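# Below are the sequence and a predicted model for it; my questions follow.
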Amino acid sequence: MSESLQEIFIQEADDNIAFLESAVFEMEESPNNEKVVNDIFRAMHSIKGGAGLAGFTALKDFTHHLEDLMEQVRNKTKSVDSEIISLIFEGIDVIKAMIENIKNREDSTLGIDTEQYVVKIVALLRGESSTVAQVTTVSKNSDSEQQLYYYLDLEYYDSIFSSGIDTLMFIKDLEYHGKILKLHTNTDGIPDILSFDPVKNYLTWQLFYQTKLNRQDLEDIFCFVIDESQIKFVELNPILDNPSELEKYLVDGKSLVDIAPEIFAVKPEEKESNLEVRLRKEDLNQSSSSSDPKLQITDDDSFMRVKTSKLENIFNTIGELLINQSRLHMLVEDGEDILDDEFLNVSDALKNITDLLQEQVTGLRMINLEGTFNKYKRVVRDLAISNNKEIKLTIEGKSTELDKNMIEKLDDPIKHIIRNCVDHGIESSEERIKLGKNPEGQMLLSAHLEGGKVVITISDNGRGINRERLLAKAKEKNIVSDDARLSDSEILNLIFHPGLSTAESVTDISGRGVGMDVVKSTINELHGNVTVESEPGIGTTFRLYLPLTLAILDGMLVRIGREKYIIPTLSILEIFRPEAGSVKTISSKGEVVLFRNEYIPIVRLYKLFKLENTETDPEDAELIVIMDGNKKVALLVDFVQDQFQVVLKSLQKNYRRVKFISSATILGNGDVALILDLQSIVHYTIKEKKCINNTVPSINQI
Amino acid sequence: MKTVFSVDDSPTARASVEYILSKAGYSVKQADDGSEAINLLKAKQEDVNLFLFDINMPNMNGIELTKEVRKIPKYRFTPILILTTESQESKKLEGKDAGASGWIVKPYEPDKLLSLINKFVGE
């Protein structure tokens, strides 16, 4: 048994024991609280299961007795009294002592008389008082010589095959230990062919079973899958006076599904109260009646703290694995005709497993925005007070999940935008009353998923951005030339320009003109995009568009001559082939193309990268319209070659900074593709076209 | 409603394209043979927002079909995507010369196909 598994078990067991101790106190105070009882039962069950998996048989067997006791409490066969409570506490002490031994790498039972304790429990379970218990050896199989009848409902979790488990194995196992009287395979769960996933399990089984195994032994057959599956056992002996009558039900050609209700109709109450053992976590959780937060901590398996750097390493390694896997996949596909089927199957399986692994590890890094968003309530409140304003902040979509690293990096930008809204956006109460607005200003902070990306919206119903003042200031600072004619979105976009702020007063938080440009470059570094919309007198809305994770990028692979580049999909608005006459050259803007009633600049990427033998006629090329802030440009490429999820590799770390390139990736065939740095391309283009002068160097210019 | 015209000789592939795209709100027109498609397009001159061709088809392959479609003035600038399983470089360049806008590698995830098509058709 692997050492790490044992370590995990010990860590988990410590958590479970700590939980048990407080929960048992709770049970003593409110013995009728079903949730507490269920939670205690489950914690014991986890310790037992974990001990079994980690190879600590003595501990597993011991905890089993404790679990039996709790089982009776749960079924209300035994009511909670001080005797039971002290017995459970005693039992927990024994478990603690055994785990202590395990930690010291001793035999778990060293110096502990578990037998004495077991005897007490067994006596109690038999209805005797523990004080008069006789020392008897408890044999697991003592009363199992009798033939027992069961109804089993096997519903495995749908991803069971990915755990390498063959569901038929259980049927074979059951056959070995007894006799399957009738088996029904339920195929109703199989979806139509288009949504069918060949590596998912869609089948469930119901069966009547005759065996000498007791319920615990039966449960043990399923011990590896029981936690995530819905496996139900119903013991038929108490229901049917004469279980062999079962035969009567089985001969007349009815399906098992039809028979089951008939049989269970015999004594339904009994079935509800103590015959059905449900082992599905959700059910245990749902049956809770109390909502004590203290107990909810352990609703799921206990947590384990892991260093982020360790996760990073796993992520990087999986990145490498992905690359090599897809190289292998390509090689196999090229050699499809000469390789035998098994080779192809293995390659396909490897691909699926790698994808699954990547998905799961990505999931590890995802946390919801609740903590972050709640923090801003305080920020808004404090800022409102110091600005002498009344502001109500509404928060939506807190449960949206994002990469943990991303959330950390978003903190400053979001805070900055919020400060801007409070400082400059929302008017004072007096001003709002004069304008006929509600004296209380409204702010919205929301997050939602939109086509594979997360959109965070920060908006206010304040005065909106003053275009004239913004433009005047830009001209004054020589950021825009005096005769420049800018579109509305270009003017709004000036707020992201380094060195511009419209605030007349300089507060200690925002308004120094540093900030919005940093917001933008931070979002760009995250391969996201920020836009602003504003209506005078009505309000301003900032939207942050972000990928779900930092390490993987959704990218469109484009070809320019023989070179391959990746454009982040998030920033692509549309791809089109310009119709004859829609490309023009305008003196102030250079080469532009008509796109949705707007002329936008064309960037000939082959010129930027000095490439030869490329498509030069826009009418035979594809124009990819990308958006950076509010600025749009059309990138001219030869053609589009599919869309990928790529693992990012830093060029700076592996090579050096390259102009117009943000990072690199390795493609399936081993080729390196460069990922375009859209921000610097747009920046360069607009500067080139002499539309906006750039007096302050951007951090992205090299 | 935006229209996607797909040509594929495999009924399964046609069914899957039909399913994915119609669910996403596209109107899907289909043909199982290149020359049949060309005749249909020439005769009806219907509005099409995007073409989706399989590369390997009997009679007329996806690249030849692209070449023919580009000759119809109405479809001179309509996006054409070719579905392929091949990683061969030469085919890609051949497709480009025929006038294809881009490639999608099979097998594809429905989401990927849709997201790529959306970008070309414009949301």
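That came through fine.
# ranges for the helices of chain B?
Applying DSSP state H to chain B gives helices spanning B:11-23, B:34-44, B:62-71, B:89-98, B:110-121.
# okay, those in CSV with mean pLDDT, mean neighbour count and distance to residue A:171 next?
Yep, even glycine has a C-beta here, placed from its N, CA and C like the rest. Converted to CSV, those look like this (pLDDT from 0 to 100; neighbours: other C-beta atoms under 10 Å in any protein chain shown; distance: least, C-beta to C-beta, whole Å):
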stretch, mean pLDDT, mean neighbour count, distance to residue A:171
helix B:11-23, 92, 16, 32
helix B:34-44, 94, 15, 50
helix B:62-71, 95, 21, 47
helix B:89-98, 87, 17, 48
helix B:110-121, 90, 19, 34
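# which one of those lies closest to residue A:384?
Each of the helices of chain B was scored for nearness to residue A:384 using C-beta to C-beta, and the closest is helix B:110-121 (40.9 Å).
# what distance separates that closest one from the centre of its chain?
A distance of 12 Å separates the centroid of the chain from that of helix B:110-121, by C-alpha atoms, centre = their mean, to the nearest Å.
# do the same with stretch A:53-69
Taking C-alpha atoms, centre = their mean, one finds the center of stretch A:53-69 at 33 Å from the center of the full chain.
# For residue A:344, which of the helices of chain B is the nearest?
For residue A:344, the closest of the helices of chain B is helix B:11-23, at 19.0 Å, according to C-beta to C-beta.
# Quickly check: that closest one near chain A or not.
Yes - Helix B:11-23 is in contact with chain A by C-beta under 8 Å from any C-beta of the partner chain, via B:15-16, B:19-20.
# Can I get that helix in CSV, CA atoms only?
In CSV, the C-alpha atoms belonging to helix B:11-23 read as follows (Å, rounded to 0.1, in the frame of the first residue of the first chain):
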residue,chain,number,x,y,z
PRO,B,11,-25.1,10.7,-43.9
THR,B,12,-23.8,10.5,-40.3
ALA,B,13,-21.6,13.6,-40.8
ARG,B,14,-24.6,15.4,-42.4
ALA,B,15,-26.9,14.5,-39.5
SER,B,16,-24.4,15.7,-36.9
VAL,B,17,-23.8,19.0,-38.7
GLU,B,18,-27.6,19.4,-39.0
TYR,B,19,-28.1,18.7,-35.4
ILE,B,20,-25.4,21.0,-34.0
LEU,B,21,-26.2,23.9,-36.2
SER,B,22,-29.9,23.8,-36.2
LYS,B,23,-29.9,23.6,-32.4
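# packing partners for it?
strand B:3-7, strand B:27-31, helix B:110-121 (3 or more C-beta pairs under 8 Å, 6 or more residues apart in numbering or on different chains; DSSP states H and E).
# just so I know, which of those lies nearest chain A?
Of all the helices and strands packed on helix B:11-23, helix B:110-121 sits nearest to chain A, with 4.9 Å by C-beta to the nearest C-beta.
# packing partners for the closest one?
So helix B:110-121, by 3+ C-beta pairs under 8 Å, 6+ apart, packs with strand A:572-576, strand A:639-647, helix B:11-23, strand B:50-54, strand B:80-84, strand B:102-105.
# Go again with 6 Å.
Counting contacts by 3 or more C-beta pairs under 6 Å, 6 or more residues apart in numbering or on different chains; DSSP states H and E, helix B:110-121 is packed against strand A:572-576, strand B:50-54.
# next SSE after the first one?
Following strand A:572-576 in sequence order, the next helix or strand is strand A:583-586 (DSSP states H and E).
# Need the mean per-residue confidence for the next helix or strand after that next one.
Using DSSP H and E, the helix or strand that directly follows strand A:583-586 along the chain is strand A:590-595. Taken as a whole, strand A:590-595 has a mean pLDDT of 90.
# Do the helix or strand following strand A:590-595 and chain B come into contact?
Next along the chain after strand A:590-595, taking DSSP H and E as the criterion, comes strand A:598-604. No - Strand A:598-604 stays clear of chain B (C-beta under 6 Å from any C-beta of the partner chain), getting no nearer than 13.4 Å.
# What pairs with strand A:598-604, parallel or antiparallel?
Partner strands and pairing direction for strand A:598-604 (DSSP bridges) are strand A:590-595 (antiparallel), strand A:631-637 (parallel).
# Distance to residue B:75 and mean neighbour count for those strands - can I get that in a markdown table?
Output for those, formatted as a markdown table (distance: least, C-beta to C-beta, whole Å; neighbours: other C-beta atoms under 10 Å in any protein chain shown):
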| stretch | distance to residue B:75 | mean neighbour count |
| --- | --- | --- |
| strand A:590-595 | 20 | 18 |
| strand A:631-637 | 20 | 25 |
